[in-house]
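Participant: got a predicted structure here, sequence first:
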Number of protein chains: 6
Amino acid sequence: MKSARPLLAFGAHPDDVEFGCGGIIAREAEAGRAVHFIICSHGEAGTNGTPAQRTAESKKAARVLGATCEFLKLDGDAHLEVRAAHALKLAGIIRRLRPAVVLAPSLEQNQHPDHYRLGQLVRDASRLARYGGPAHAIDQLFFYAVTPEAEPAGVPPVLIDLSAPGVVATWTAAMEAHASQLRTRNYVELQLARARVHGLRAGLEYAQPLFPNDPLVFDSLAAVTRSARRF
Amino acid sequence: MKSARPLLAFGAHPDDVEFGCGGIIAREAEAGRAVHFIICSHGEAGTNGTPAQRTAESKKAARVLGATCEFLKLDGDAHLEVRAAHALKLAGIIRRLRPAVVLAPSLEQNQHPDHYRLGQLVRDASRLARYGGPAHAIDQLFFYAVTPEAEPAGVPPVLIDLSAPGVVATWTAAMEAHASQLRTRNYVELQLARARVHGLRAGLEYAQPLFPNDPLVFDSLAAVTRSARRF
Amino acid sequence: MKSARPLLAFGAHPDDVEFGCGGIIAREAEAGRAVHFIICSHGEAGTNGTPAQRTAESKKAARVLGATCEFLKLDGDAHLEVRAAHALKLAGIIRRLRPAVVLAPSLEQNQHPDHYRLGQLVRDASRLARYGGPAHAIDQLFFYAVTPEAEPAGVPPVLIDLSAPGVVATWTAAMEAHASQLRTRNYVELQLARARVHGLRAGLEYAQPLFPNDPLVFDSLAAVTRSARRF
Amino acid sequence: MKSARPLLAFGAHPDDVEFGCGGIIAREAEAGRAVHFIICSHGEAGTNGTPAQRTAESKKAARVLGATCEFLKLDGDAHLEVRAAHALKLAGIIRRLRPAVVLAPSLEQNQHPDHYRLGQLVRDASRLARYGGPAHAIDQLFFYAVTPEAEPAGVPPVLIDLSAPGVVATWTAAMEAHASQLRTRNYVELQLARARVHGLRAGLEYAQPLFPNDPLVFDSLAAVTRSARRF
Amino acid sequence: MKSARPLLAFGAHPDDVEFGCGGIIAREAEAGRAVHFIICSHGEAGTNGTPAQRTAESKKAARVLGATCEFLKLDGDAHLEVRAAHALKLAGIIRRLRPAVVLAPSLEQNQHPDHYRLGQLVRDASRLARYGGPAHAIDQLFFYAVTPEAEPAGVPPVLIDLSAPGVVATWTAAMEAHASQLRTRNYVELQLARARVHGLRAGLEYAQPLFPNDPLVFDSLAAVTRSARRF
Amino acid sequence: MKSARPLLAFGAHPDDVEFGCGGIIAREAEAGRAVHFIICSHGEAGTNGTPAQRTAESKKAARVLGATCEFLKLDGDAHLEVRAAHALKLAGIIRRLRPAVVLAPSLEQNQHPDHYRLGQLVRDASRLARYGGPAHAIDQLFFYAVTPEAEPAGVPPVLIDLSAPGVVATWTAAMEAHASQLRTRNYVELQLARARVHGLRAGLEYAQPLFPNDPLVFDSLAAVTRSARRF
């Protein structure tokens, strides 16, 4: 049975969550957490793949990862704007689904503009959902980085260990479900190489980084004494 | 019975650990973790208190917190320098005591020079202890801030909740053990006000911040889903 | 008689100015400076208080501080957007009122979105008011921080000493005028603890920080030789 | 008669103060403030000029500016190290001379190593002078930038207006007193162009920047309402 | 004959390109590169000059520099907003003109809001032009700084040497073509002083800085071994 | 025949240059540039390998890359300190060898202390070599990152394309020459994964980053128009 406190991951395009934090999703779902994706376009401005193909790929990838997904209409692929109405709409989703953890694309601006704008909207929505009613305060908002240059500079990230058996295989299968996007570029290899670098830094086979928006609160240091950084 | 994986806290002066992270020490010791202090001077250059008084105050404060302490001779109060021999000496202590977590003063340079220099030495020592033999890789190095301006800018900290009954009272008693230092300044009130501000930001009564030197590694997000930030 | 060169403070919600820089307002008004607030919503999206209550609280608080206030219609609470038309409207207010000093919420983005967006609008407005006619160049734009996480990182602020008799009492009364906002949270205590920490750092009873947008220009260093930082 | 609260300026080489903040020195001395230079080498490792020539040039430049100067032996030109003994020696000078304002080379590391190391030593000395006895707490430490790349990035500086009649002429004469250093490079023109750029930004003929180490503390905003930034 | 791979420079107002990177334009055009300007307003909100005058000045300045120019209607002077439609329109221009290098105003927000917003739009457009069809990937996007405070902090820029005979004279003539803007301010002198400071830092007569948006890619270090920094 | 303007690379340990920038060395040597290594310890404090073994491995690796190497005695492995005498000794080497380009470990402090301290010493030495006689001004100092966390944050690097046939094979052979260091860790795989990530970001097979210490100076933009960044 899935946990009552779900993880909610937002993506601007059908493959953003899979490429940016799919290994973590695989790990969390396998550990029994309910995971739900909100995908804010059908990738209709991309070079490859029709909206129908990309929608199908997204659903398949979510199924592979053990997550559910839904599509949300905002401004459309390559057209996303930072509008108050969007933030309030996302806040409404947070109020309704009451997630413990929310994941969103990072705020670094030198990436696809839909990515960082969605990150801004989710950050604002997470705050707005705390006011008025029915209010919901999430536990933590983390940012993920779809591409290497989207990783925030100068902040030690939280690393999630992906070394458990099957996690990377599941993640790889989810990325490969986005077949239309893999015709011309080595996106899967890029993400696996990134996860290998992050993992090797910490003495792990593979790891993916998350970037916390707010302080991490702990009852004691017992929760945080499993680093194994070696180089 | 105390945990086999101790916490090791370094201070440049007899009261640095108590003022900078004493609430966290109280919390960890109460939770059953062995805590040991390495104090690198007797405060002999301070305005108030003789070295003998300050040594006694330090021992009393450690006892109040449930920790043990020892004094280490480096260059003396106000004379600390960043020497390779010091880093290697501290690495030797880490090799011997094999702590899980190490605490040291932050690296921000606009504070007492002994503070940030000790922070640099402990950071280097934690790395050097991983090489040669007998090697010991700690789980995590955290920095604490003795004063507000020593908090690193722009990095969301780890907050440890000090709201459990008795924690703040124990911490306050430990700070007040440094009676010689409280004649002219409101250091205790300053630290309690800081902990109140950090706590209120997160919906807690009191909290103290720590600043991780390296990525925090987790098996899953289950460990980090207890933030309750409200404002 | 009030000074001919007024201070103009912008707030996104009825209580932002009071919580973020109310002590400074009390100090300036008491010193004889005309202070005027532009409040850009009636707090209609908040958890507590009706727009009518909040409007009345705002007027009372301004009166307590010795300031005047008016409400400006932009997009409404939780709906503020960065529109060129808003910046030009604010520039029009600056052209009309010709303030010497302007205060606005800080630009840090991890706070209520109305706060940092209003900060951006006021910054742009202060610049736009210098072009075309009737042009007005303000002396200085300062940002205030409504909450601790809104303080810009890594920049030494300007601190205004609030230790003069009556200043903190007046400020506290102004915060308490926002009674509807104090039912569930210790906002007043949070702000007093912050001002205590800022003050103690500088050897003062209480102080509030401001963050300059531009270089501070002085005829000589005589103006800036009253720091008394002690810790 | 000179003010009882002197300005103390530290330089690593005989011409650092003149090139980095000589216009400000001219302005302060003319306004009646006692100014004293501590020069920490005779420039003996430079390309041009003998130690004797450079010492004479320094004395002449100080005289032109209306300041007094003395030479302090630390490690010698190009040999300066960050030693605790040096910081304590500089603290001793601060205890003795009891300056209100201290000026030192900036901490940016991509400049001559003697510059940023002296900056570190003076920063530490200013703090150490507050402890033990006879203690002296200065009002403010400012950093100056000998060359453009030594200006700290991202911090709005304090600008001192050099537009009053005679100030730039006096400063220029003081720079030209270092004749041995002007054989091969346009240092004077470089500094005047810098001051022109800083001034024009603020609507002034000429200005030089200073970078505060700590918060600036004011009784009210009346002291800081003379910015006139225009572009 | 002009190069087949043109340089495309975007400006928010008729004189932005000339003041911010006109020396570089003069150098590139003289070296045989085709240069084209896209000017996104007629300066109709400025203090001086009618739209007709400013259009004529712009055309004259482009001619002096050896460039061509066209005007693009977005939101008008002082009204520019960050709209997805604008980014897509600019991406369309990039798809059509297929430039090798694109120049845009920097992203620093403490400048005229039209400047940094246009910089954001051009950055997003350069990325969006790579997707869909007909796709065009530019070689490099550089930012230029219209005023000193618009230079990004903390990043070593690319400097283009303007010391070749005639380059500064051509640039000066192009700035002076904007006669309506020079009635009240020394903009030309400001820019020449800036270029002198940047040049003198590198041992050159004059230089202007550019700030790369992405990594610079080289086949070998042979391309980058002509620095001559001296101070 | 080798170029008359050599590349000089400094390493703290026998394998630092090979792991941190060995691909670039392979590329430059193959392109005909003389490359020389200065290695500042024999790795005598490491976990694996005797000084004799490591010296032999270093010589073999340099030979594989087409470089020459020499060992320099400073303080020994894990003992390096920032001493003025060291910087002056390194400046003497620069004066003697007159390199065009110098490579040194990066200044990021969260790595082996010998690395960043050597980086500081080389930076200072490159500057000190410009003064006195016989002076030598290098064209450019670049920093390399031995490990991922040593990459400076927030600065777009210079990327050198390693996609030419044979370059990665030569580099791999040079890393594998350090056989004693490869018993327990996947250092070679880590570096190849890093180079793959850097390359894929720019549309290249493999690339390594360098971080410039100073502005890059170019005669025109023709030199910098070969970026091909794609994601």
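Facilitator: Nice, I can see it.
Participant: give me the low-pLDDT residue ranges for chain A?
Facilitator: A:1-4, A:225-231 (pLDDT under 70).
Participant: could you pull up the residues touching the residue in it that chain D sits nearest to?
Facilitator: Closest approach between chain A and chain D, counting by C-beta to the nearest C-beta: residue A:154, at 12.9 Å. Every C-beta, even on glycine, is put in place using the N, C-alpha and C of the backbone. Neighbour list for residue A:154: B:154-155, F:153-154 [criterion: C-beta atoms under 8 Å, 6 or more residues apart in numbering or on different chains].
Participant: and those residues, which two are the farthest apart?
Facilitator: Greatest spatial distance among the contacts of residue A:154 (C-beta to C-beta): B:155 and F:154, at 13.4 Å.
Participant: which non-adjacent residue is nearest residue A:196?
Facilitator: residue F:193 (4.6 Å; C-beta to C-beta, 6 or more residues apart in numbering or on different chains).
Participant: now that neighbour: which helix or strand?
Facilitator: helix F:187-201 (DSSP states H and E).
Participant: and the next element down the chain from that helix?
Facilitator: Downstream of helix F:187-201, the next assigned helix or strand under DSSP H and E is strand F:207-212.
Participant: all helices for chain A, in order.
Facilitator: Under the criterion DSSP state H, chain A carries helices at the ranges A:16-30, A:51-65, A:84-97, A:113-128, A:167-176, A:187-201.
Participant: any residue of the shortest one up close to chain B?
Facilitator: No: Helix A:167-176 is not in contact with chain B by C-beta under 8 Å from any C-beta of the partner chain; minimum separation 10.4 Å.
Participant: buried set for that helix?
Facilitator: Going by neighbour count (16 or more other C-beta atoms under 10 Å in any protein chain shown), the buried part of helix A:167-176 is A:167-168, A:170-176.
Participant: contacts for that helix, please.
Facilitator: A:15, A:18-19, A:22-23, A:25-27, A:30, A:61-62, A:64-66, A:162, A:182, A:187-188, A:191-192, A:195, A:205-206.
Participant: got a quick PyMOL command for the buried subset of the residues you listed?
Facilitator: In PyMOL syntax, the buried subset of those is picked out as below (16+ other C-beta under 10 Å):
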select buried, chain A and resi 15+18+19+22+23+25+26+27+30+61+62+64+65+66+162+182+187+188+191+192+195+205+206
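Participant: hmm, back to that, the helix holding residue F:193 versus strand F:207-212: what angle between them?
Facilitator: 80 degrees (axes from the mean of the first three to the mean of the last three C-alpha atoms, to 10 degrees).
Participant: tilt between helix F:187-201 and helix F:16-30?
Facilitator: 50 degrees.
Participant: ok, and which of the contacts of helix A:167-176 reach chain F?
Facilitator: When contact is defined as C-beta under 8 Å from any C-beta, those meet chain F at residue A:187.
Participant: related to what we said a few turns ago, can you check which of the helices of chain A gets nearest to residue E:92?
Facilitator: helix A:113-128 (15.2 Å).
Participant: quick check, the closest one touching chain B?
Facilitator: No: Helix A:113-128 does not reach chain B (C-beta under 8 Å from any C-beta); its nearest approach is 9.5 Å.
Participant: and for residue A:171, nearest residue in space, chain neighbours not counted?
Facilitator: residue A:23 is the one closest to residue A:171 (C-beta to C-beta, 6+ apart), at 4.2 Å.
Participant: who's in contact with the one you found?
Facilitator: Contacts of residue A:23 (C-beta under 8 Å, 6+ apart): A:160, A:162, A:167-168, A:171, A:195, A:206, A:208.
Participant: most widely separated two among the residues you listed?
Facilitator: Going by C-beta to C-beta, the pair spanning the contacts of residue A:23 furthest: A:160 and A:168, at 12.1 Å.
Participant: contacting residues for residue A:82?
Facilitator: Residue A:82 touches A:117, A:120-121, C:81-82, E:82, counting by C-beta under 8 Å, 6+ apart.
Participant: let's see that with 10 Å instead.
Facilitator: Residue A:82 sits next to A:113, A:116-118, A:120-121, A:124, C:81-82, C:113, C:117, E:82, E:84 when contact means C-beta atoms under 10 Å, 6 or more residues apart in numbering or on different chains.
Participant: name the nearest of those residues relative to residue D:53.
Facilitator: Nearest member of these to residue D:53, counting by C-beta to C-beta, is residue A:116, at 57.9 Å.
Participant: quick one: that closest one and residue A:149 touch, right?
Facilitator: No: with contact defined as C-beta atoms under 10 Å, residue A:116 does not count as touching residue A:149 (11.3 Å).
Participant: so between those two, which is more surrounded?
Facilitator: residue A:116 (23 against 17; other C-beta atoms under 10 Å in any protein chain shown).
Participant: wait, does stretch A:7-19 contact chain B?
Facilitator: Yes: counting by C-beta under 10 Å from any C-beta of the partner chain, chain B has neighbours in stretch A:7-19: residue A:7.
Participant: likewise for stretch A:26-35?
Facilitator: Yes: interface with chain B: stretch A:26-35 contributes A:27-28, A:30-33 (C-beta under 10 Å from any C-beta).
Participant: quick check: the farthest pair among the residues you listed?
Facilitator: Once C-beta to C-beta is applied, the residues of stretch A:26-35 next to chain B give A:27 and A:32 as the farthest pair, at 10.8 Å.
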